[in-house]
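>>> Mind looking at a prediction? Sequence and model below.
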Amino acid sequence: MKQIIYFALILSLASCKSHKPWGFSHKYDLKGISPIGLSSFNGALYISDGDHNRIIKLNNEGIVTDTINGFDRPMHITSGNGQLYIPNYGSDEI
């Protein structure tokens, strides 16, 4: 068991050294938006705005290109398999 723990520790430390340090790539002005979650999907950035029950779509320049209303406190969003998944905290639905 100790060998497995040591191996996992060494593997995790070795993998950390290969990553580049974090840094800002873009800064967007989000006035009026209360971001809770975000996901990149189909070349756009989607932000869940739980305070206003909506999803905001931004292009690469940080310009709002679409607003999707009618959610019930959308939370942390993700994408996969060609879909955007938006959990609604208020109704316990995705």
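Sure thing, it's come through.

>>> How many residues are close by residue 24?
Using other CB atoms under 10 Å, residue 24 has 5 neighbouring residues. C-beta: built from backbone N, CA, C; applies to glycine.

>>> Do a quick rundown of the strands in this structure.
Here the chain has its strands, by DSSP state E, at 35-41, 44-49, 54-58, 64-69, 78-80, 83-85.

>>> The third one versus strand 44-49: what angle between them?
Calculated by axes from the mean of the first three to the mean of the last three CA atoms, to 10 degrees, strand 54-58 forms an angle of 150 degrees with strand 44-49.

>>> if we can go back for a sec, kindly compare burial across the strands of the chain and name the winner.
Among the strands of the chain, judged by mean count of other CB atoms under 10 Å, the one packed with the most neighbours on average is strand 44-49 (a mean of 20).

>>> what's the spacing between that strand and its chain's center?
Offset of strand 44-49 from its chain centre (CA atoms, centre = their mean, to the nearest Å): 8 Å.

>>> Report the spatially closest residue to residue 94, excluding sequence-adjacent ones.
Among residues not flanking residue 94 along the chain, residue 87 sits closest, at 4.9 Å (CB to CB, 6 or more residues apart in numbering).

>>> any weak-confidence spans in the protein?
1-19 (pLDDT under 70).

>>> residue nearest the centroid of it?
The chain has residue 38 as the residue nearest its centroid, 3.0 Å off, counting by CA atoms, centre = their mean.

>>> Distance of that one relative to residue 58?
Separation of residue 38 from residue 58 (CB to CB, to the nearest Å) stands at 9 Å.

>>> which neighbours do the two share?
Counting by CB atoms under 8 Å, 6 or more residues apart in numbering, the common neighbours of residue 38 and residue 58 are 45-47.

>>> Looking at those residues, spot the one nearest residue 21.
The closest of the shared contacts of residue 38 and residue 58 to residue 21 turns out to be residue 45 (CB to CB; 21.9 Å).
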